[in-house]
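In: predicted model and sequence below, questions to follow.
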Amino acid sequence: MPDPLFPRWQKRLLLLAALGLALTGMGQMPIFSRYYIADLPGLGWLGNYQITAALHLALAALLIFLLAAFAATWIGAGGKRPYLTPAGRQRVALYGALALTGLVRVLQNGALPLVAPMQVRYLDWTHLGLAMGLLVFALVRGKRPAVVESRSVGVMVK
């Protein structure tokens, strides 16, 4: 069996970054303090907005780096690269849209506001909706392979 295009440790790092982003993303909303989760021993940092915001940005930078590395590896493989399955294309679309809305939100908070102040809520809702969509996708279709070695695998024939 040939070496996989993306080693297991890279996939696990992506999963850890995504799970960390989910946790710190919920920390951006005051739910950990509101529901006294932050009062549990060892979880007080979840109620601190500055800590969760800094961790969310650091994990987002890691996620974008990993996504860019995956894309570069994919493109660099040329004709030897495997084919994306429908589940793989959906995964790419969800991660890409989530990264894009997060990047626009970071730029909005910085020196380059791209969205009108009253429209920021829709950007936030879109980002949250995409995160929930990724969660649903992971629960429903997450175990399906993202790539196959030949086009005939995973293609429906009528």
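Out: Structure received.

In: quick check: next helix or strand after the helix ranked longest in the chain?
Out: Ranked by residue count, the top helix of the chain under DSSP state H comes out as helix 49-76. As assigned by DSSP states H and E, the chain's next helix or strand after helix 49-76 is strand 83-84.

In: how far is that following strand from where the chain is centred?
Out: Relative to the centre of its chain, strand 83-84 is centred 19 Å away, using Cα atoms, centre = their mean, to the nearest Å.

In: and it, average pLDDT?
Out: Strand 83-84 comes out with an average pLDDT of 86.

In: angle of the helix or strand following that strand against helix 49-76?
Out: Past strand 83-84, further along toward the C-terminus, the next helix or strand under DSSP H and E is helix 86-109. In terms of direction (axes from the mean of the first three to the mean of the last three Cα atoms, to 10 degrees), helix 86-109 departs from helix 49-76 by 130 degrees.

In: what's helix 86-109 in contact with?
Out: 57, 60, 63-64, 67, 84, 113-115, 120, 123-124, 126-127, 130-131, 133-134, 137, 141, 144-147, 154 (Cβ atoms under 8 Å, 6 or more residues apart in numbering). Placement of C-beta: from N, CA and C, glycine included.

In: where does pLDDT dip in this protein?
Out: 1-3, 150-158 (pLDDT under 70).

In: quick one: distance of the longest helix of the chain to the chain centre.
Out: 8 Å.

In: same deal with stretch 10-24?
Out: 8 Å.

In: residues near G44, how many?
Out: Other residues near G44 come to 14 when the count uses other Cβ atoms under 10 Å.

In: okay, now the nearest residue to it once chain neighbours are set aside: neighbour count?
Out: Distances taken as Cβ to Cβ, 6 or more residues apart in numbering place A38 nearest to G44, at 5.4 Å, with adjacent residues excluded. Neighbourhood size, A38 [other Cβ under 10 Å]: 18.

In: could you do the one 3 residues further on as well?
Out: Each residue near P41 was counted by other Cβ under 10 Å, and the total is 5.

In: before we move on, the earlier item: which of the contacts of helix 86-109 are buried, as a ChimeraX select command?
Out: In ChimeraX syntax, the buried subset of the contacts of helix 86-109 is picked out as below (16 or more other Cβ atoms under 10 Å):
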select :60,63,64,67,84,120,123,124,126,127,130,131,134,137,146,147,154
